[in-house]
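In: Need coordinates for the below:
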Amino acid sequence: MTTMTQPTTAAVRTVHLTKIYGQGDTQVTALDDVSVEFIRGQFTAIMGPSGSGKSTLMHCAAGLDTPTSGQVFIGQVDATSLSDTNLTLLRRERVGFVFQAFNLLPTMTAEQNILLPLKLAHSKPDRQWLDTIVKVLGLQDRLSHRPAELSGGQQQRVAVARALITRPEVIFADEPTGALDSAASNELLDFLSRSVHELGQTIVMVTHDAHAAGFSDRVLRLADGRIVSDEPVNHPVAGQTPVPTTGFTAGAVAGATNYAPAPSTPPQMPTPQMPNPQMPPPQMPPPQMPAPQAPAATPQRPDDANGTGLKRQAGDA
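Out: Residues are numbered from 1 along each chain as shown. As a prediction, the model looks like this:
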């Protein structure tokens, strides 16, 4: 499946990307002729079962792995044509990474970890941009703390800030909520979404979690190394309530939460009737007694009708 738009709108795009591992009987085609664009200023989630090629697509698109054939463009630069040295420089300057493991240096403060990519590049930090990132991610009072003094969610937010500090063309996030509890996961996903919509960042996230994908703007699904669906995600707005969905529809994520308009008026519950203390209690009808039954007549012989039977009995005596 090919999903292409105009090249000028793409932060990253792949062209006929193929990745094959092994040879002969052990050969595995992880990516099979994949052409896709990741749009600037958009949050894209890549989903699929194990072995579908979602992580391979991210690694090749980020310049972490070399495809067997095809091309990867980061901005207007063909990353597949670069030397190892130039590819390293391209990743450092134009690509950000957020992994499941936080990868923070334990001896550095949160602020020092955030600024580390600039230090390695011998670049001066833009304090205004740093302040903006820190504010969006809610780290203002944690900059002087070392990783051991931060919660898992806070450490992952520091990792996101470190990825944002260089103003990269795109940020790739590989299962960023895998090591977090549900509350910290929701906070991080909300911060990622805000970095896209408030800071204009481009994010590509690999996840197996449909709930996490529900925070994105677009969901790509892979199976057997190919893109099998490309769907937008419908976000809630004021006055809407969540409605579960179980399959892909326009603007819905399979297995995640969809949203539908809330009813204009809440349903009215009937008002229970209270007894009136002024009313006399209801009268119960008297029980009905069965009518008395007449005793059953003693059977008579045919000649007893005129008393002859009785006389005969007397005479017999």
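
In: rest of the way, CA atoms for contacts and neighbours
Out: Fine.

In: How far off centre is stretch 55-74?
Out: 25 Å (C-alpha atoms, centre = their mean, to the nearest Å).

In: Which residues does that stretch contact?
Out: 11-20, 30-31, 33, 78-80, 87, 91, 94-95, 169, 172, 174, 204, 206 (C-alpha atoms under 8 Å, 6 or more residues apart in numbering).

In: Filter those down to the buried ones and hand me the PyMOL line.
Out: If you want just the buried ones from the contacts of stretch 55-74 in PyMOL, going by 16 or more other C-alpha atoms under 10 Å, the selection is:
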select buried, resi 11+12+13+14+15+17+18+19+30+31+33+79+80+87+91+94+95+169+172+174+204+206
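
In: Tell me which of the contacts of stretch 55-74 fall in strands.
Out: Among the contacts of stretch 55-74, the members found in strands (DSSP state E) are 11-20, 30-31, 33, 78, 95, 172, 174, 204, 206.

In: what kind of secondary structure is the residue nearest the centre of the chain in?
Out: Most central in the chain under C-alpha atoms, centre = their mean is residue 211, positioned 1.2 Å from the mean C-alpha point. Remark: residue 211 carries the secondary structure label helix [criterion: DSSP: H, G, I helix; E, B strand; the rest coil].

In: Tell me where the stretch 1-150 of the chain has helices.
Out: Remark: helices assigned in the stretch 1-150 of the chain by DSSP state H, counting those that start in this stretch are 54-61, 84-94, 110-120, 127-137.

In: Distance from the chain centre to the shortest one, please.
Out: Relative to its parent chain, helix 54-61 has a centroid offset of 20 Å by C-alpha atoms, centre = their mean.

In: now stretch 170-189
Out: Taking mean C-alpha positions (C-alpha atoms, centre = their mean), stretch 170-189 and its chain are 11 Å apart.

In: Over to stretch 120-131?
Out: Distance of stretch 120-131 from the chain centroid (C-alpha atoms, centre = their mean) equals 33 Å.

In: Now do the end-to-end distance for it.
Out: End-to-end span of stretch 120-131 (C-alpha to C-alpha, to the nearest Å): 20 Å.

In: same question for that stretch, mean pLDDT?
Out: On average, the pLDDT along stretch 120-131 is 90.

In: Mind listing residues that contact that stretch?
Out: The contact list for stretch 120-131 (C-alpha under 8 Å, 6+ apart) reads 92, 115, 118, 165.

In: List the buried residues in it.
Out: residue 130.

In: so where's the stretch 151-300 of the chain uncertain?
Out: Counting by pLDDT under 70, the stretch 151-300 of the chain has low-confidence residues at 236-300.

In: which residues of it fall in strands?
Out: For the stretch 151-300 of the chain, the strands defined by DSSP state E, counting those that start in this stretch cover 170-174, 203-206, 218-223, 226-232, 240-244, 257-261.

In: ok, and what's touching the helix ranked longest in the chain?
Out: In the chain, with assignment by DSSP state H, the single longest helix is helix 182-199. Residues outside helix 182-199 that contact it (C-alpha under 8 Å, 6+ apart) are 41-43, 136-137, 152-153, 156-157, 160, 177, 201-203, 212, 215-216.

In: Equivalent analysis for stretch 100-117, please.
Out: Stretch 100-117 has contacts (C-alpha under 8 Å, 6+ apart) with 92, 125, 142-148, 155-156, 158-159, 161-163, 165-166, 174-179.

In: ok, now stretch 82-90?
Out: Contact with stretch 82-90 is made by 63, 79, as judged by C-alpha under 8 Å, 6+ apart.

In: Give the buried residues for it.
Out: Across stretch 82-90, burial judged by 16+ other C-alpha under 10 Å covers 87, 90.

In: ok now that stretch, how far from the chain's centre?
Out: Between the centre of stretch 82-90 and the centre of its chain there are 35 Å (C-alpha atoms, centre = their mean).

In: what mean pLDDT does that stretch have?
Out: 92.

In: what's the answer for stretch 57-72, then?
Out: Mean predicted lDDT for stretch 57-72 stands at 94.

In: first to last residue in that stretch, what's the distance?
Out: 10 Å.

In: again, but for stretch 57-65
Out: Note: stretch 57-65 ends 9 Å apart using C-alpha to C-alpha.

In: Could I get the contacting residues of the residue lying closest to residue 208 once chain neighbours are set aside?
Out: What sits nearest to residue 208 in space, not counting adjacent residues and going by C-alpha to C-alpha, 6 or more residues apart in numbering, is residue 47, at 5.6 Å. By C-alpha under 8 Å, 6+ apart, residue 47 lies in contact with 54, 206-209, 213, 219-222.

In: Pairing partners for residue 47 in the sheet, please.
Out: Beta-bridge pairing for residue 47 (DSSP bridges): residue 221.

In: Tell me how far stretch 166-176 lies from the chain's centre.
Out: With C-alpha atoms, centre = their mean, you get 19 Å for stretch 166-176.
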